[in-house]
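1. what shape does this take:
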Amino acid sequence: MSSTDRLEAERAIQRNPHPDFKGVEASRPPFNTSSSFHYTKTPSTSWKPGDGANIPPPNSVAHREIDPYEEGRPAVFNYKLLISGVVPRPVGFISTVSGDGKSTNLAPFSYFNFVNHDPPIFVVGFAGSLANAKDTLRNLLDTKEAVVNIISEEFVEAANFTSINAPEGISEWPLSGLTPAKSKIVKPDRVAEAVFSTEATLVEVREWESKATPGKKTGVTAFLEGVRFWVREDAINAEGNIIDPKVLKPISRLGGITFARTTEAFELPRPVFDEMLKDPEAAKLAKPKADEQE
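-> A predicted model of the protein is given here:
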C-alpha cells in the first residue's frame, strides 16, 4: 500500500472531527502545566461488599445491541466504536530498522499492551495484511527486533508526528526531533527522551481475516519478548521494580484523535476472602446457593 493509499484510507476513517483543528484548539484553555500527579481517596470510601455501583445508571436509558457483522455495517464502524470504548489505551512507540540496515522507522501504535511478565511479552496490532505490511511491521518481520518506548507528556507532539504517512525509506526520526540512543542487544535505537523503553525480539505473528468480507486480510498481531529494560534513574526505585508515575507522565489514547494524561490516581487494595468473612453481613453474601435454599 502506497503512502497515498494510506492517506486515502485515513481520510475514509474520518478520525478528525474538526475540519479546522487549529481554530478549535485556539478556543480551548492552555495545557495545564500546574497539574502534578497526586493521589485521592477512592470514589466511595464507604463502599462495602454487595453495595454495587456508586452511581447506578439511569433506569430510563436502555442499551443498544450491535451486531459487529450486521449487513450493511461498515467494518470501520467497529474500529471507531472500539477505539472510543476500550479506553484509555497505552501507546507503544516502536523503533525498528529495515532488513538491509539502511533505513530506520519510528511510529506509535495504540493496539498495544503487555500480556505476560515471565517472559515479558508485549502485543502490538497492525492494520492491514502481511502482504501490504507498513514499514514497522515489515522491518519487524525482516529483523525480528524492535524497541518499545512509552510516550510521556513532554514529547507527545513529537511522537504523534511520527504517525505521518511518510513514503517508504523516509525516517520519522528527523521529523520528530527526538534523540536516538543506542540499544544494548537489538539494532534499533531507543528514544532517549523516553522514561521507559524495552528492547524486544519478535516471538510470532498472527494474521487476521475479515468476517464481513471473507478472504480479506484486515490485521496482524505481533508478540514481542522484552529482552532489556531502560528506565530513567529519577523514575525508578532502588529495587528496580517500580516506576514513578509522577516522572513517567504517561499519555494514553481515547477515541478519534483524543489523547489523555494521567495526573490523578487512587489506590484500592485487593480483597482477601478470609478477611471478608470476618464481616457477618459480607459473609452472608458468600454462602453457596445450596446453603441459601436449606
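2. list the residues that contact N113.
-> N113 is in contact with 89-90, 122-123, counting by Cβ atoms under 8 Å, 6 or more residues apart in numbering. The C-beta positions use only the backbone N, C-alpha and C, and glycine is treated the same way.
3. list phi and psi for it.
-> Listed backbone geometry of N113 is phi -170, psi 180, with angles given as degrees, to the nearest 10.
4. distance of it relative to E281?
-> Here the criterion is Cβ to Cβ, to the nearest Å. By it, N113 lies 38 Å from E281.
5. nearest to V148 among the contacts of N113?
-> When the contacts of N113 are compared for distance to V148 (Cβ to Cβ), F122 comes out closest, at 5.8 Å.
6. element containing that closest one, please.
-> Using DSSP states H and E, F122 sits within strand 120-127.
7. cool, and L137?
-> In the assignment (DSSP H and E), L137 maps to helix 135-143.
8. residues in contact with the very next helix or strand once past that helix: which ones?
-> Next in sequence after helix 135-143, counting helices and strands by DSSP H and E, comes strand 145-150. Counting by Cβ under 8 Å, 6+ apart, strand 145-150 makes contact with 90-97, 112, 122, 124, 136, 139-140, 183, 186-191, 194-202, 224, 226, 248, 250, all of which sit outside it.
9. bridged to A181, which residues?
-> The bridge-partner assignment for A181, based on DSSP bridges, gives R190.
10. show me where the stretch 151-294 of the chain has helices.
-> In the stretch 151-294 of the chain, the helices defined using DSSP state H, counting those that start in this stretch lie at 156-161, 173-176, 245-248, 273-276, 280-285, 289-293.
11. brain fart, the stretch 1-150 of the chain
-> 3-13, 21-26, 75-85, 135-143.
12. just say which of those helices is most tucked in.
-> helix 135-143 (a mean of 21; mean count of other Cβ atoms under 10 Å).
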